[in-house]
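Attaching a predicted model along with its sequence, questions to come.
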Amino acid sequence: MLLPAPTSAIPTNIITGFLGTGKTSLIKQLLSLKPKDERWAILVNEFGEVGIDGAFFKGRPEDNIYIREVPGGCMCCTSGLPMQIALNELISYAKPHRLLIEPTGVGHPKEVLAALQQPHYQDVFDILATLTLVDARAIAQTRYRENLIYQEQLSIADRIIATKTDLYEGDEVDHLKNYLAEQGLANTPFSMLDSPLADLSILAGTSDSVLDEDQALSDKPEHKHAHEHKHDHDKSGSLVDDLQHALQQTGRVTIENAAQGFASQGWIFNGNKIFDFTQAMNLLSVIEVDRLKAALITEKGIFGFDKVDDVLSCIKLDESPDSRLEIIDADASRISTAVNELESTLFT
């Protein structure tokens, strides 16, 4: 069925923030407030290669929610081709009344914004406020304070939002505000997400950033991929075919990614593999990595696992054609240890 296209430019928000700041959780809240007669499109970019975030959104075309994932941090590749292809396909199919974009937590949001501001998109997108989520507790850690991507995510914000406020124990917000002042961001609107959203006003306001694409792309550190099959960004369809073929032949695929001082390792398992729910909960609770996400088919149903700050959460998922798990960390030795633990227990 052909959908009627919106008659004006699509209101578009970028929702950025470092790993584990709650971007997906905020988008889920926003989706719960979506007017029933509106079609919303969500473009999600993950640092990992296997693509898990889409499974955490309860949205289907019949609910007027359309989700497209760009795995592997590729939304910020030099050519921007993976993002443009995914974005164009999503807009063409969904014809949305609103677009939300979630870049990877270790990616460059300036490049995403610059891509949206290209002349051929001028009449397509109405670029509204860029929201940057931040966990104020992270300011105490040098690896965040001095991280250039972390600083870029804050500098591009039209609104900075402190999340996970229920976990603050002291003067974290004061330290965050002092840090923002040091970065020249004292006048950037700041708020705290300390209660469920009541409406969509958080998305209001226009973007103040106007970027030149060449400037946004300059001096960008190179990232690299390593996995069992050739990864050619200009032949993403072939990559998907290769992965599906390997999945059918071997029952599982392992994919790695490394960039910006972080590394990831992810697995995709054939939907016929049934995981032990209790074993998964016990093991994933004790694995030590910066970030862990999984969508697993178990004997008790399909569940999503999300671990950040050493806290594992688990939710029931509606559906998933296969099982996927991804770990991310800045320390290669912790990745190696986690891989050994998974391979010797959960994956056997």
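Received it, and whenever you're ready, just let me know what you need.

From now on I want contacts and neighbour counts done on CA atoms only, so please keep to that.
Fine.

Name the nearest residue to Met192, sequence neighbours excluded.
Spatially, and ignoring its direct neighbours in sequence, Met192 is nearest to Ala162 (4.6 Å; C-alpha to C-alpha, 6 or more residues apart in numbering).

Next up, phi/psi of the one you found, please.
phi -80, psi 130 (degrees, to the nearest 10).

same question, the one 10 residues further on
Backbone torsions for Glu172, taken as degrees, to the nearest 10, come to phi -60, psi -40.

burial measure for it, as a count.
For Glu172, the neighbour count with other C-alpha atoms under 10 Å is 18.

now do the one 5 residues further on
In terms of burial, Lys177 registers 16 neighbours under the definition other C-alpha under 10 Å.

mean confidence score for the helix or strand encompassing it?
Assigned by DSSP states H and E, Lys177 falls within helix 172-182. Taken as a whole, helix 172-182 carries a mean pLDDT of 97.

can you check stretch 63-83 too?
Stretch 63-83 comes out at a mean pLDDT of 71.

Let me see the contact set for Ile302.
Ala295, Leu296, Lys316, Leu317, Asp318, Glu319, Ser320 (C-alpha atoms under 8 Å, 6 or more residues apart in numbering).

Put the buried members of those residues into a PyMOL selection.
What follows is the PyMOL syntax for the buried subset of the contacts of Ile302, where burial is set by 16 or more other C-alpha atoms under 10 Å:
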select buried, resi 295+296+317+320
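
Closest one of the contacts of Ile302 to Thr104?
Thr104 lies nearest to Ala295 out of these, by C-alpha to C-alpha, at 18.2 Å.

Now that closest one: closest residue in space that isn't a chain neighbour?
Nearest one to Ala295, counting by C-alpha to C-alpha, 6+ apart, is Gly304 at 4.4 Å.

The helix or strand hosting the one you found: partners in the sheet, and parallel or antiparallel?
Using DSSP H and E, Gly304 maps to strand 301-308. Paired strands of strand 301-308, with direction, are strand 291-298 (antiparallel), strand 311-316 (antiparallel) (DSSP bridges).

quick one, which of these is packed in tightest?
Burial of the strands paired with strand 301-308 is given as mean neighbour count (mean count of other C-alpha atoms under 10 Å); strand 291-298 ranks first at a mean of 24.

How far off centre is that one?
Strand 291-298 sits 15 Å away from the centroid of its parent chain (C-alpha atoms, centre = their mean, to the nearest Å).

Check stretch 310-320 too.
16 Å.

Which residues does it contact?
55-56, 58, 284-286, 288-290, 295, 297, 301-307.

cool, stretch 14-27 as well?
With C-alpha under 8 Å, 6+ apart, stretch 14-27 has contacts from 53, 56-57, 100-106, 109, 113, 129-135, 150, 153-154, 163-164, 291, 308-309.

hmm, back to that, quick one: buried residues of the helix holding Lys177?
Buried residues in helix 172-182 (16+ other C-alpha under 10 Å): Glu172, Val173, His175, Leu176, Lys177, Tyr179, Leu180.

Output those residues in JSON lines, with distance to Gln279 appended to each entry.
Listed next are the buried residues of helix 172-182 as JSON lines, based on distance: C-alpha to C-alpha, whole Å:
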{"residue": "Glu172", "distance to Gln279": "36"}
{"residue": "Val173", "distance to Gln279": "38"}
{"residue": "His175", "distance to Gln279": "40"}
{"residue": "Leu176", "distance to Gln279": "39"}
{"residue": "Lys177", "distance to Gln279": "42"}
{"residue": "Tyr179", "distance to Gln279": "42"}
{"residue": "Leu180", "distance to Gln279": "43"}
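
Quickly list what Asp329 is bridged to.
Beta bridges link Asp329 to Ala263 when assigned by DSSP bridges.

Per the annotation, how does this protein divide into domains?
In terms of domains, the chain is parsed into 10-217, 224-259+261-344 (source: automatic domain parsing).

Pull the contacting residues for the residue nearest to Met192.
Leu133, Val134, Asp135, Ala136, Phe190, Ser191, Met192, Leu193.

per-residue confidence for it?
98.

Next: the one 3 residues further on.
You'll see Thr165 listed with a pLDDT of 95.

Next up, the contacts around it.
Residues near Thr165 by C-alpha under 8 Å, 6+ apart: Asp135, Met192, Leu193, Asp194.

would you list every one of the helices in the stretch 101-250 of the chain?
109-116, 142-145, 148-155, 172-182, 213-217, 236-250 (DSSP state H, counting those that start in this stretch).

Quick one: those as a markdown table, columns for distance to Pro82 too.
A markdown table is the format used below for the helices of the stretch 101-250 of the chain (distance: least, C-alpha to C-alpha, whole Å):
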| stretch | distance to Pro82 |
| --- | --- |
| helix 109-116 | 11 |
| helix 142-145 | 28 |
| helix 148-155 | 20 |
| helix 172-182 | 33 |
| helix 213-217 | 15 |
| helix 236-250 | 8 |
